[in-house]
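Q: structure for the following, please:
(one chain, ligands or ions: 1)
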Amino acid sequence: MSKKKKDWKTEKERLLRLDREERRKEYRRQDFISLDKIPSWREENRPNDIEEGKELTGGGGLSDKVSLYKGDITVLEVDVIVNAANSSLLGGGGVDGCIHKAAGSCLYDECHSLNGCETGKAKITCGYDLPAKYVIHTVGPVARGHVGSTETNDLTSCYQNSLRLMEEHDLSTVAFPCISTGIYGFPNEPAADIALNTVKSWIEQNPDKITRVIFCVFLETDFAIYKKNMSVIFPDNDTEVAEEQLKEDNTSMKSTTKEESEDSRGKEEIGDEEEGDDDAAAGNTDVEMASQNLDEHSGNEDPNQEKDKDEKENQDKDEDVGIDGDEESDKDKGIDNEKDEDKDKAEEEQPAAKAEDDGTAKSTVEMEYVSEINNAGTSNGEEMKDHVESSEEPDSILTDSIQSKDIVEKKE
Ligand SMILES: NC(=O)c1ccc[n+]([C@H]2O[C@H](COP(=O)([O-])OP(=O)(O)OC[C@H]3O[C@@H](n4cnc5c(N)ncnc54)[C@H](O)[C@@H]3O)[C@@H](O)[C@H]2O)c1
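A: As a prediction, this is how the structure comes out:
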């Protein structure tokens, strides 16, 4: 006898009324990680001071408000985790797949009511069975290894819009994955630079609005990049040398980025012409703010009224971008565009993430991403346990990860 399907609005209202202790009983997994178990960047870099019993001097600065965590974002007990979603918001693979599996089917149902999301924008839902109270879904740019001004603006908007949506809901602890650096192919280093600098600027402008931003990395590559960059971008209050290093790095970064943008300008100008036409038609701008008026007690206001034709065109454009893992199949589009099928049918047809190598540039990025994923571990060096347990969700995503592992084995 299958479990009675829960209505997402009722479930959301019930869960958001619970206090922490009561909510903890509802987490799908009990091996969650509470915030007090995650050291701030400053604490992480002054362990010997703590050992020697020294009072941590300074503090209250930026490095107290950020953390670097290596592991599965779905175990973090924070106000909100950010999902690197696709424009359909109907799940897929990678971190999106993990979050949907860990949150349960109500997440899919609430996402289905949101009618998609444009690149660079963000929408918020309840966290349901996750230790996080909420999930902010943002859609990163499909970079495929190239970074022009559009990709940079779109990724910056993902972080800005997520932080502003968090503030609108009076939330103060948030965890970000490495948005767009997986199947969307945004190079890891510039993506980390955008993430760290956008978050830094936002905290400097809203110091009292944030308790902690956790950069949740999954791959060894990202862990090394963030560790290096954070010691420069979030220096300890009394570490002068980092400022000097920051100036040097910025100079070198500027010249590299300048070269890169000159290099990609050719590609981008072509892209812009096409995109310009679309954008003009769609009336979209890369950094336009997205916010969603949510009445927490009655669930989401239906964004359909506000979703105009342009946004729909833009959404279709996203779907045409040809990223297999994200493209909704025609059947799925049928669900979206024609009539609201019941959940079971929709669930069977959730877009299955395809991991097979289709020979495009993306597969190089994906291969790197997949080969590294097997060595992911937590920030304290423990072997990464496969935190995400099976759920009533279709196991297309599970197949996806098995497939991707097969690819790695074959490769080896
Ligand atoms: N990676 C895949 O095989 C795959 C396939 C289909 C769709 N997707 C997803 O990819 C699209 C978005 O691309 P993207 O590059 O922004 O996202 P992504 O491909 O999920 O990669 C973003 C980052 O998240 C990391 N990551 C993966 N699992 C976790 C986890 N449990 N906790 C923390 N971090 C994790 C991953 O290593 C990468 O650094 C969406 O369509 C979404 O559905 C991924």
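Q: residues from the stretch 101-250 of the chain in reach of the ligand?
A: 140, 177-184, 216, 218-219, 222 (Cβ under 6 Å from any ligand atom). Quick note: C-beta positions are derived from backbone N, CA and C, even for glycine.
Q: from those, which is closest to the ligand?
A: Within those, the smallest distance to the ligand is 2.1 Å, found for G182 (Cβ to the nearest ligand atom).
Q: for the closest one, grab the count of nearby residues.
A: Other residues near G182 come to 26 when the count uses other Cβ atoms under 10 Å.
Q: kindly reformat the residues of the stretch 101-250 of the chain next to the ligand as JSON lines containing secondary structure and pLDDT.
A: Output for these, formatted as JSON lines (DSSP: H, G, I helix; E, B strand; the rest coil; pLDDT from 0 to 100):
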{"residue": "G140", "secondary structure": "coil", "pLDDT": "98"}
{"residue": "P177", "secondary structure": "coil", "pLDDT": "98"}
{"residue": "C178", "secondary structure": "coil", "pLDDT": "98"}
{"residue": "I179", "secondary structure": "coil", "pLDDT": "98"}
{"residue": "S180", "secondary structure": "coil", "pLDDT": "98"}
{"residue": "T181", "secondary structure": "coil", "pLDDT": "98"}
{"residue": "G182", "secondary structure": "coil", "pLDDT": "98"}
{"residue": "I183", "secondary structure": "coil", "pLDDT": "97"}
{"residue": "Y184", "secondary structure": "coil", "pLDDT": "98"}
{"residue": "C216", "secondary structure": "strand", "pLDDT": "98"}
{"residue": "F218", "secondary structure": "coil", "pLDDT": "98"}
{"residue": "L219", "secondary structure": "coil", "pLDDT": "98"}
{"residue": "D222", "secondary structure": "helix", "pLDDT": "98"}
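Q: any of those residues buried? List them.
A: 140, 177-184, 216, 218-219, 222 (16 or more other Cβ atoms under 10 Å).
Q: now flag whichever of the residues you listed is closest to R46.
A: C216 (21.7 Å; Cβ to Cβ).
Q: how long is stretch 173-189 end to end?
A: 24 Å (Cα to Cα, to the nearest Å).
Q: near E167, how many other residues are there?
A: For E167, using other Cβ under 10 Å, the count is 16.
Q: typed the wrong thing, it's E43
A: Other residues close to E43 by other Cβ under 10 Å number 16.
Q: for the record, mean pLDDT for the host helix or strand of it?
A: In the assignment (DSSP states H and E), E43 maps to helix 41-45. Helix 41-45 shows a mean pLDDT of 92 in the predicted model.
Q: elements contacting that helix?
A: Helix 41-45 is packed against strand 66-70, with contacts defined by 3 or more Cβ pairs under 8 Å, 6 or more residues apart in numbering; DSSP states H and E.
Q: next secondary structure element downstream of the strand it packs on?
A: strand 76-77.
Q: starting from that following strand, tell me which strands it pairs with and how they run.
A: strand 33-34 (parallel) (DSSP bridges).
Q: and the ligand, is the partner strand touching that?
A: No. Using Cβ under 6 Å from any ligand atom, strand 33-34 stays clear of the ligand, with a minimum separation of 11.9 Å.
Q: between the residues of the stretch 101-250 of the chain next to the ligand, which is closest to I33?
A: For these, the nearest to I33 is C216 (10.3 Å; Cβ to Cβ).
Q: now T173: closest residue in space, sequence neighbours ignored.
A: Distances taken as Cβ to Cβ, 6 or more residues apart in numbering place V78 nearest to T173, at 4.2 Å, with adjacent residues excluded.
Q: same check, this time on E77
A: P131 (3.9 Å).
Q: what about that neighbour, how many residues nearby?
A: Residues near P131, counting by other Cβ under 10 Å: 24.
Q: thought it was touching Y27?
A: Yes. With contacts counted by Cβ atoms under 8 Å, P131 reaches Y27, the gap being 5.1 Å.
Q: how about V213, secondary structure?
A: Under DSSP: H, G, I helix; E, B strand; the rest coil, V213 falls in the strand class.
Q: so who does it touch?
A: K65, V66, S67, T173, V174, A175, F176, V199, I203 (Cβ atoms under 8 Å, 6 or more residues apart in numbering).
Q: ok so, going back, out of the buried ones among the residues of the stretch 101-250 of the chain next to the ligand, which comes closest to E168?
A: The nearest member of these to E168, counting by Cβ to Cβ, is I179 at 19.5 Å.
Q: mind checking the backbone torsions on the closest one?
A: phi -60, psi 130 (degrees, to the nearest 10).
Q: what distance do you get for it to I81?
A: Relative to I81, I179 is positioned 12 Å away (Cβ to Cβ, to the nearest Å).
Q: for E151, same thing?
A: Counting by Cβ to Cβ - E151 and I81 are separated by 23 Å.
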